[in-house]
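In: Let me see the structure of the following:
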Amino acid sequence: MLWWRRVWGPAIAASALILLQTGPAAAFAEPGVPVPPGELLGDTNEGDVSDADIDFVIKVRLAGLWEIPAGEMAQKQSKDPRIQQIGKSIAAQHVVLDKLDRAAAAKLKIKLPNQPNKDQQGWLGEMRDAQGEDFDQIYVDRLRAAHGKIFPAIATIRTSTRNDTVRKLAQQANQFVMTHLTLLESSGIVDYAALPTAPAPAAATTTSAAALASVADQRSSTATNPNVILGVLAAAVAAGGFLTWRMMVSRRRPARNRRYRY
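Out: Numbers count the residues shown, from 1 in each chain. Take a look at the predicted model:
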(Lines give C-alpha, C1' and ligand atoms only; values in the text may rest on other atoms or scores of the structure.)
Protein backbone atom coordinates (compact mmCIF):
# COMPACT_ATOMS: atom_id res chain seq x y z
CA MET A 1 0.00 0.00 0.00
CA LEU A 2 2.97 2.31 0.49
CA TRP A 3 4.43 1.84 -3.01
CA TRP A 4 2.51 4.84 -4.41
CA ARG A 5 4.11 7.13 -1.86
CA ARG A 6 7.55 6.19 -3.15
CA VAL A 7 6.50 7.13 -6.70
CA TRP A 8 4.33 10.18 -5.94
CA GLY A 9 7.08 12.29 -4.38
CA PRO A 10 9.61 11.94 -7.26
CA ALA A 11 6.81 12.49 -9.80
CA ILE A 12 5.86 15.83 -8.22
CA ALA A 13 9.51 16.89 -8.04
CA ALA A 14 10.06 16.00 -11.71
CA SER A 15 6.96 17.95 -12.78
CA ALA A 16 8.08 21.00 -10.84
CA LEU A 17 11.53 20.84 -12.42
CA ILE A 18 10.04 20.69 -15.91
CA LEU A 19 7.85 23.74 -15.21
CA LEU A 20 10.80 25.69 -13.87
CA GLN A 21 12.89 24.86 -16.92
CA THR A 22 10.28 25.60 -19.55
CA GLY A 23 8.61 28.63 -17.98
CA PRO A 24 5.13 29.99 -18.79
CA ALA A 25 6.11 31.29 -22.26
CA ALA A 26 6.97 27.80 -23.47
CA ALA A 27 3.31 26.79 -23.23
CA PHE A 28 2.53 29.10 -26.12
CA ALA A 29 5.40 27.96 -28.36
CA GLU A 30 5.01 25.57 -31.26
CA PRO A 31 6.01 21.99 -30.40
CA GLY A 32 9.75 21.61 -30.70
CA VAL A 33 10.37 25.33 -31.39
CA PRO A 34 12.50 26.88 -28.63
CA VAL A 35 11.73 30.21 -26.98
CA PRO A 36 14.90 32.28 -26.35
CA PRO A 37 15.56 32.30 -22.58
CA GLY A 38 15.95 36.06 -22.26
CA GLU A 39 16.38 35.78 -18.50
CA LEU A 40 19.83 34.32 -19.13
CA LEU A 41 21.05 37.59 -20.69
CA GLY A 42 22.75 40.25 -18.63
CA ASP A 43 21.36 43.79 -18.27
CA THR A 44 24.02 45.67 -16.32
CA ASN A 45 25.19 48.16 -18.97
CA GLU A 46 28.50 46.34 -19.21
CA GLY A 47 30.49 46.82 -22.40
CA ASP A 48 31.18 49.62 -24.85
CA VAL A 49 28.28 51.28 -26.66
CA SER A 50 28.80 51.94 -30.37
CA ASP A 51 27.14 54.54 -32.59
CA ALA A 52 25.18 51.68 -34.17
CA ASP A 53 23.90 50.67 -30.72
CA ILE A 54 22.70 54.23 -30.04
CA ASP A 55 21.01 54.41 -33.44
CA PHE A 56 19.25 51.11 -32.75
CA VAL A 57 17.84 52.26 -29.39
CA ILE A 58 16.56 55.46 -31.04
CA LYS A 59 14.94 53.52 -33.89
CA VAL A 60 13.08 51.28 -31.48
CA ARG A 61 11.62 54.40 -29.88
CA LEU A 62 10.71 55.87 -33.28
CA ALA A 63 8.93 52.64 -34.25
CA GLY A 64 6.61 52.94 -31.28
CA LEU A 65 5.95 56.63 -31.90
CA TRP A 66 4.22 55.92 -35.20
CA GLU A 67 3.02 52.30 -34.91
CA ILE A 68 1.04 52.95 -31.73
CA PRO A 69 -1.12 55.70 -33.32
CA ALA A 70 -1.30 53.65 -36.54
CA GLY A 71 -2.73 50.73 -34.57
CA GLU A 72 -5.23 53.03 -32.91
CA MET A 73 -6.36 54.26 -36.33
CA ALA A 74 -6.72 50.65 -37.51
CA GLN A 75 -9.26 50.05 -34.79
CA LYS A 76 -11.33 53.05 -35.90
CA GLN A 77 -10.92 53.36 -39.66
CA SER A 78 -10.85 49.72 -40.76
CA LYS A 79 -14.07 47.85 -41.25
CA ASP A 80 -12.32 44.47 -41.19
CA PRO A 81 -12.37 42.85 -37.71
CA ARG A 82 -9.11 41.08 -38.50
CA ILE A 83 -7.29 44.33 -39.31
CA GLN A 84 -8.79 45.95 -36.23
CA GLN A 85 -7.44 43.14 -34.05
CA ILE A 86 -4.01 43.25 -35.73
CA GLY A 87 -3.82 47.00 -35.11
CA LYS A 88 -4.88 46.60 -31.49
CA SER A 89 -2.33 43.85 -30.83
CA ILE A 90 0.60 45.64 -32.48
CA ALA A 91 -0.18 48.95 -30.72
CA ALA A 92 -0.43 47.24 -27.32
CA GLN A 93 2.82 45.35 -27.85
CA HIS A 94 4.62 48.53 -28.89
CA VAL A 95 3.58 50.13 -25.61
CA VAL A 96 5.44 47.32 -23.83
CA LEU A 97 8.46 47.51 -26.14
CA ASP A 98 8.60 51.30 -25.78
CA LYS A 99 8.75 50.91 -22.00
CA LEU A 100 11.64 48.47 -22.34
CA ASP A 101 13.40 50.80 -24.75
CA ARG A 102 13.06 53.86 -22.52
CA ALA A 103 14.40 51.91 -19.55
CA ALA A 104 17.42 50.81 -21.59
CA ALA A 105 17.99 54.35 -22.90
CA ALA A 106 17.96 55.74 -19.36
CA LYS A 107 20.55 53.19 -18.29
CA LEU A 108 22.67 53.96 -21.36
CA LYS A 109 22.11 57.73 -21.04
CA ILE A 110 20.73 57.98 -24.60
CA LYS A 111 18.39 60.86 -25.41
CA LEU A 112 15.27 59.65 -27.21
CA PRO A 113 12.96 61.55 -29.62
CA ASN A 114 9.36 62.31 -28.76
CA GLN A 115 8.01 62.66 -32.32
CA PRO A 116 8.03 60.33 -35.33
CA ASN A 117 10.48 61.19 -38.09
CA LYS A 118 9.43 62.85 -41.35
CA ASP A 119 8.81 59.59 -43.24
CA GLN A 120 6.75 58.14 -40.41
CA GLN A 121 4.66 61.27 -40.16
CA GLY A 122 3.98 60.96 -43.89
CA TRP A 123 2.79 57.37 -43.47
CA LEU A 124 0.48 58.39 -40.65
CA GLY A 125 -0.86 61.16 -42.89
CA GLU A 126 -1.69 58.59 -45.59
CA MET A 127 -3.61 56.52 -43.07
CA ARG A 128 -5.58 59.46 -41.71
CA ASP A 129 -6.88 60.19 -45.20
CA ALA A 130 -7.98 56.59 -45.89
CA GLN A 131 -10.94 54.49 -44.87
CA GLY A 132 -12.05 50.88 -45.17
CA GLU A 133 -10.11 48.68 -47.57
CA ASP A 134 -7.91 51.56 -48.71
CA PHE A 135 -6.80 52.07 -45.13
CA ASP A 136 -6.25 48.33 -44.64
CA GLN A 137 -3.87 48.11 -47.59
CA ILE A 138 -1.88 51.19 -46.60
CA TYR A 139 -1.65 50.09 -42.98
CA VAL A 140 -0.49 46.55 -43.74
CA ASP A 141 1.91 47.50 -46.52
CA ARG A 142 3.56 50.35 -44.59
CA LEU A 143 4.04 48.34 -41.42
CA ARG A 144 5.13 45.18 -43.23
CA ALA A 145 7.77 47.09 -45.19
CA ALA A 146 9.04 48.86 -42.05
CA HIS A 147 9.32 45.63 -40.07
CA GLY A 148 11.13 43.98 -42.98
CA LYS A 149 13.78 46.71 -42.86
CA ILE A 150 14.33 46.70 -39.09
CA PHE A 151 14.43 42.90 -38.81
CA PRO A 152 17.95 42.40 -40.28
CA ALA A 153 19.18 45.53 -38.48
CA ILE A 154 18.16 44.02 -35.15
CA ALA A 155 20.03 40.81 -36.00
CA THR A 156 23.19 42.80 -36.71
CA ILE A 157 23.03 44.59 -33.35
CA ARG A 158 22.13 41.39 -31.47
CA THR A 159 25.19 39.58 -32.81
CA SER A 160 27.71 42.45 -32.77
CA THR A 161 27.06 44.71 -29.78
CA ARG A 162 29.52 44.67 -26.88
CA ASN A 163 26.98 46.03 -24.40
CA ASP A 164 24.78 43.58 -22.52
CA THR A 165 21.86 46.00 -22.08
CA VAL A 166 21.73 46.69 -25.82
CA ARG A 167 22.06 42.96 -26.48
CA LYS A 168 19.06 42.15 -24.32
CA LEU A 169 16.97 44.94 -25.84
CA ALA A 170 17.84 43.67 -29.33
CA GLN A 171 16.71 40.16 -28.42
CA GLN A 172 13.46 41.48 -26.98
CA ALA A 173 12.86 43.69 -30.02
CA ASN A 174 13.50 40.73 -32.30
CA GLN A 175 10.68 38.78 -30.66
CA PHE A 176 8.28 41.70 -31.06
CA VAL A 177 9.19 42.23 -34.71
CA MET A 178 8.76 38.56 -35.62
CA THR A 179 5.37 38.61 -33.93
CA HIS A 180 4.31 41.73 -35.83
CA LEU A 181 5.50 40.31 -39.16
CA THR A 182 3.36 37.24 -38.53
CA LEU A 183 0.32 39.27 -37.52
CA LEU A 184 0.54 41.53 -40.56
CA GLU A 185 0.99 38.58 -42.94
CA SER A 186 -2.04 36.86 -41.40
CA SER A 187 -4.15 39.64 -42.93
CA GLY A 188 -3.75 37.95 -46.31
CA ILE A 189 -3.29 41.27 -48.14
CA VAL A 190 0.48 41.80 -47.96
CA ASP A 191 1.82 42.87 -51.36
CA TYR A 192 4.90 40.63 -51.40
CA ALA A 193 5.78 41.65 -54.97
CA ALA A 194 6.34 45.21 -53.75
CA LEU A 195 8.81 44.15 -51.04
CA PRO A 196 12.55 44.47 -51.76
CA THR A 197 14.26 41.29 -52.93
CA ALA A 198 17.23 39.73 -51.16
CA PRO A 199 20.66 40.94 -52.31
CA ALA A 200 22.77 38.77 -54.57
CA PRO A 201 25.11 36.28 -52.85
CA ALA A 202 28.43 37.70 -51.66
CA ALA A 203 31.38 37.71 -54.07
CA ALA A 204 33.25 35.25 -51.85
CA THR A 205 30.42 32.75 -52.14
CA THR A 206 30.33 33.16 -55.91
CA THR A 207 34.12 32.72 -56.14
CA SER A 208 33.99 29.56 -54.04
CA ALA A 209 31.25 28.14 -56.24
CA ALA A 210 33.28 28.92 -59.35
CA ALA A 211 36.35 27.25 -57.83
CA LEU A 212 34.38 24.11 -57.04
CA ALA A 213 32.99 24.04 -60.57
CA SER A 214 36.52 24.37 -61.96
CA VAL A 215 37.72 21.40 -59.90
CA ALA A 216 34.75 19.36 -61.07
CA ASP A 217 35.54 20.24 -64.70
CA GLN A 218 39.15 19.21 -64.24
CA ARG A 219 38.09 15.88 -62.74
CA SER A 220 35.65 15.35 -65.57
CA SER A 221 38.32 16.23 -68.15
CA THR A 222 40.82 13.87 -66.55
CA ALA A 223 38.30 11.06 -66.43
CA THR A 224 37.52 11.37 -70.14
CA ASN A 225 41.11 11.91 -71.39
CA PRO A 226 41.89 9.15 -73.97
CA ASN A 227 45.49 8.73 -72.79
CA VAL A 228 44.34 8.20 -69.23
CA ILE A 229 41.76 5.65 -70.34
CA LEU A 230 44.34 3.72 -72.42
CA GLY A 231 46.74 3.73 -69.48
CA VAL A 232 44.10 2.32 -67.18
CA LEU A 233 43.20 -0.39 -69.71
CA ALA A 234 46.85 -1.35 -70.17
CA ALA A 235 47.34 -1.64 -66.44
CA ALA A 236 44.21 -3.78 -66.18
CA VAL A 237 45.40 -6.12 -68.97
CA ALA A 238 48.82 -6.45 -67.34
CA ALA A 239 47.28 -7.21 -63.97
CA GLY A 240 44.95 -9.76 -65.52
CA GLY A 241 47.83 -11.48 -67.31
CA PHE A 242 49.87 -11.66 -64.13
CA LEU A 243 47.00 -13.18 -62.17
CA THR A 244 46.35 -15.74 -64.92
CA TRP A 245 50.04 -16.80 -64.91
CA ARG A 246 50.00 -17.25 -61.15
CA MET A 247 46.90 -19.40 -61.30
CA MET A 248 48.42 -21.64 -63.98
CA VAL A 249 51.61 -22.10 -61.94
CA SER A 250 49.67 -22.91 -58.78
CA ARG A 251 47.68 -25.61 -60.63
CA ARG A 252 50.79 -27.31 -61.95
CA ARG A 253 52.55 -27.70 -58.59
CA PRO A 254 50.08 -30.16 -56.99
CA ALA A 255 50.44 -32.46 -60.03
CA ARG A 256 54.27 -32.71 -59.58
CA ASN A 257 53.82 -33.39 -55.91
CA ARG A 258 51.48 -36.32 -56.65
CA ARG A 259 54.08 -37.95 -58.96
CA TYR A 260 56.74 -37.87 -56.31
CA ARG A 261 54.47 -39.57 -53.77
CA TYR A 262 53.88 -42.79 -55.79
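In: Show the residue spans covered by the strands in the stretch 101-250 of the chain.
Out: For the stretch 101-250 of the chain, strands defined by DSSP state E, counting those that start in this stretch do not occur.
In: show me where pLDDT drops low in it?
Out: The stretch 101-250 of the chain contains residues with pLDDT under 70 at 203-250.
In: What ranges does this protein have for its helices?
Out: Remark: helices assigned in the chain by DSSP state H are 3-22, 51-77, 81-108, 118-128, 132-160, 164-185, 203-224, 226-261.
In: which parts of the shortest one are buried?
Out: Within helix 118-128, the residues that count as buried by 16 or more other CB atoms under 10 Å are 120, 123-124, 127. To be clear about C-beta, it is placed using only N, CA and C from the backbone, and glycine gets the same treatment.
In: Residue 70 against residue 121, yeah?
Out: No - the criterion here is CB atoms under 8 Å, and residue 70 misses it with residue 121 at 11.2 Å.
In: Could you check how many residues crowd around residue 142?
Out: 21 (other CB atoms under 10 Å).
In: Quick check: nearest residue in space to it, chain neighbours excluded?
Out: Once flanking residues are discounted, residue 142 sits nearest to residue 123: 4.7 Å by CB to CB, 6 or more residues apart in numbering.
In: Same question for residue 114.
Out: In this structure, residue 114 finds its nearest non-sequential neighbour in residue 65, 7.4 Å apart by CB to CB, 6+ apart.
In: Neighbours of the one you found, how many?
Out: 19.
In: Look at it and report its pLDDT.
Out: In the predicted model, residue 65 carries a pLDDT score of 98.
In: my read: it touches residue 121, true?
Out: No - counting by CB under 8 Å, residue 65 does not reach residue 121; the two are 9.5 Å apart.
In: Find residues that contact each of those two.
Out: residue 115 (CB atoms under 8 Å, 6 or more residues apart in numbering).
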